[in-house]
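Asker: With the sequence up front, the predicted model follows.
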Amino acid sequence: FPVASHGVRMARRFVESLDPEDQFALVTFNTQTYLKMDWGSRKDRLEAVLTSVYCKDNTNLWDAVFVVADEVFRDMTEKRAMIVMTDGLDNSSTVSYKEALDTAVRADAMIYVVSKTQAVRDRIRFDKEMAGYYDGLPEGVFVQADLALRKLAFETGGRVLYPTNFGQLGNVYAEVLEEL
């Protein structure tokens, strides 16, 4: 699963298509949340930052949503939107889903979720022999993750987008950019 390379390529394309006055920040998460690039419009720094992005370990999805809404968006008066690429599986956050959602709503932050749940489920069905993180997870885990992502997006005025393969990420990010 070349998640990191596709995600990085699409993040690069998304940022490059922003207007010069648009500002962005780049936050990654696994067992911790990392502010890789603080607010600004310096696209020239993007390549160096993106080369440090990787997919590894457990995910603290709700911690990341909370940190961005509570800290990264603090004191912002401009329109705030968060694009989260995830499978929706949170396995080690210290912040609850409800607390992350409430904080995002208070921050008036729209959340667009690029959900990998369908692509992952299809891949598992296709390749029962796949070794790795998703082995042995019951189908219901993905259903619950999807429901949480849908509510998160709905409650914040964003939406969930479902690429069925990672080649569709360009179209998904273009849809988000058009809406913003």
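Answerer: Thanks, I have the structure now. Residues are numbered from 1 along each chain as shown.
Asker: any chance you could map the helices in this protein?
Answerer: Ranges of helices in the chain, per DSSP state H, are 3-16, 46-50, 61-67, 97-106, 117-126, 139-156, 169-179.
Asker: other SSEs contacting the third one?
Answerer: Counting contacts by 3 or more C-beta pairs under 8 Å, 6 or more residues apart in numbering; DSSP states H and E, the secondary-structure elements packed against helix 61-67 are strand 24-29, strand 33-40, strand 80-86, helix 97-106. From N, CA and C alone the C-beta is placed, and that goes for glycine too.
Asker: one more time with 7 Å
Answerer: Using 3 or more C-beta pairs under 7 Å, 6 or more residues apart in numbering; DSSP states H and E as the contact test, the elements touching helix 61-67 are strand 24-29, strand 33-40, helix 97-106.
Asker: what's the average pLDDT for that helix?
Answerer: What helix 61-67 shows for mean pLDDT is 91.
Asker: so how far is it off the chain centroid?
Answerer: On the basis of C-alpha atoms, centre = their mean, to the nearest Å, helix 61-67 sits 10 Å off its chain's mean C-alpha point.
Asker: on that earlier part again, and the helices of the chain, which one averages the lowest pLDDT?
Answerer: Minimum mean pLDDT among the helices of the chain: helix 117-126, a mean of 62.
Asker: per-residue pLDDT, the most centrally placed residue in the chain?
Answerer: The residue lying closest to the centre of the chain (C-alpha atoms, centre = their mean) is residue 84, at 1.6 Å. Turning to residue 84, the model gives it a pLDDT of 85.
Asker: Could you identify which of the helices and strands packed on helix 61-67 is most buried?
Answerer: Comparing these by mean neighbour count (mean count of other C-beta atoms under 10 Å), strand 24-29 ranks first with a mean of 19.
Asker: Direction included, what does that strand pair up with?
Answerer: Strand 24-29 has these partner strands in its sheet, going by DSSP bridges: strand 33-40 (antiparallel).
Asker: Just give the number of residues close to residue 178.
Answerer: Counted by other C-beta atoms under 10 Å, the residues lying close to residue 178 total 8.
Asker: ok, now how distant is it from residue 112?
Answerer: Computed as C-beta to C-beta, to the nearest Å, the residue 178 to residue 112 distance reads 11 Å.
Asker: likewise residue 154?
Answerer: 11 Å.
Asker: Comparing these two, which shows the higher neighbour count?
Answerer: When neighbours are counted by other C-beta under 10 Å, residue 154 and residue 112 differ, and residue 112 comes out ahead with 23 against 12.
Asker: Identify the residue nearest the more buried one in space, chain neighbours excluded?
Answerer: Once flanking residues are discounted, residue 112 sits nearest to residue 158: 4.3 Å by C-beta to C-beta, 6 or more residues apart in numbering.
Asker: Do I have it right that that neighbour meets residue 111?
Answerer: Yes - using C-beta atoms under 7 Å, residue 158 makes contact with residue 111 at a distance of 4.3 Å.
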